[in-house]
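Novice: I need the structure of the sequence given here:
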Amino acid sequence: MSARFTLLFVCDSPATCSASSDYLRDTGLRVLAAHNAGSAVMWSHIEAVDGVLIYQDDVRLGSIIGCDMKRLFPDRPVVLISTGFETMAPSLDVDAICYSNSLDEETSQVIAMLFRDLVSKPQHPPNDRLEPVYERPGPFLVRRP
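Specialist: Down below sits the predicted model:
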C-alpha cells in the first residue's frame, strides 16, 4: 500500500515509538517521527503534514504539546494518546484524546485506522453552509481484555 497521508508522530518513548511507527506505516501512512516538541517544529518547516499524533504518558504535558502543534497546523487533526490514569477532556486545541493502557500492536493498528479515516474525510467546500455544533465529544478509552 502506498503512503498517501503524512502523519507527524510526536512520541516521548523511543522504544514505543519505533514499534508504533511500523504499525502506522503498515496502514499506509507516511510517518515523520519526532521525540519532542522541538523536533516536531523542525519537521513543520520542511514537510507538509496531514495530521499530528502525540503519544505522551503525561496527559497534561501531551495537551500542552497538542496546543503547540495545533498552532503550527491549525487546519489539521491533532490527536493525543495517553497511557496515563487521568481522564480529562481535551483542551480546545486538541481534537481528541485516546486513553489506552498500552500502545501495543493491536492498539496501534486501531489508532492508525481511525487516524486514516479521520484524515481521508473529504473537506467541505467553502460555499457549503454548515450548521454550528456546540458539543465537544468526550474522551474515549481503549482497553485490552
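Novice: Report the central residue of the chain.
Specialist: L53 (2.2 Å; C-alpha atoms, centre = their mean).
Novice: So which elements touch the helix or strand containing that residue?
Specialist: Secondary structure assigned from DSSP states H and E places L53 in strand 51-55. Applying 3 or more C-beta pairs under 8 Å, 6 or more residues apart in numbering; DSSP states H and E, we find strand 51-55 packed against strand 5-11, helix 14-26, helix 59-72, strand 78-82, helix 105-120. (Each C-beta comes from the backbone N, C-alpha and C, glycine too.)
Novice: Parallel or antiparallel, list what pairs with it.
Specialist: strand 5-11 (parallel), strand 78-82 (parallel) (DSSP bridges).
Novice: Return the set of buried residues in stretch 22-35.
Specialist: Y23, L24, R25, T27, L29, R30, V31, L32, A33, A34 (16 or more other C-beta atoms under 10 Å).
Novice: Can I get that stretch in PDB, CA atoms only?
Specialist: Only the C-alpha atoms of stretch 22-35 are listed here, as PDB (Å, rounded to 0.1, in the frame of the first residue of the first chain):
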ATOM      1  CA  ASP A  22       5.900   0.500  12.000                       C
ATOM      2  CA  TYR A  23       2.200  -0.300  12.700                       C
ATOM      3  CA  LEU A  24       1.200   3.100  11.500                       C
ATOM      4  CA  ARG A  25       3.200   2.700   8.300                       C
ATOM      5  CA  ASP A  26       1.600  -0.700   7.700                       C
ATOM      6  CA  THR A  27      -1.700   1.000   7.300                       C
ATOM      7  CA  GLY A  28      -0.300   3.200   4.500                       C
ATOM      8  CA  LEU A  29       0.600   6.300   6.400                       C
ATOM      9  CA  ARG A  30       3.800   8.100   5.900                       C
ATOM     10  CA  VAL A  31       5.200   8.700   9.400                       C
ATOM     11  CA  LEU A  32       7.500  11.500  10.500                       C
ATOM     12  CA  ALA A  33       8.900  10.700  13.900                       C
ATOM     13  CA  ALA A  34       9.600  13.500  16.500                       C
ATOM     14  CA  HIS A  35      10.700  12.800  20.000                       C
END
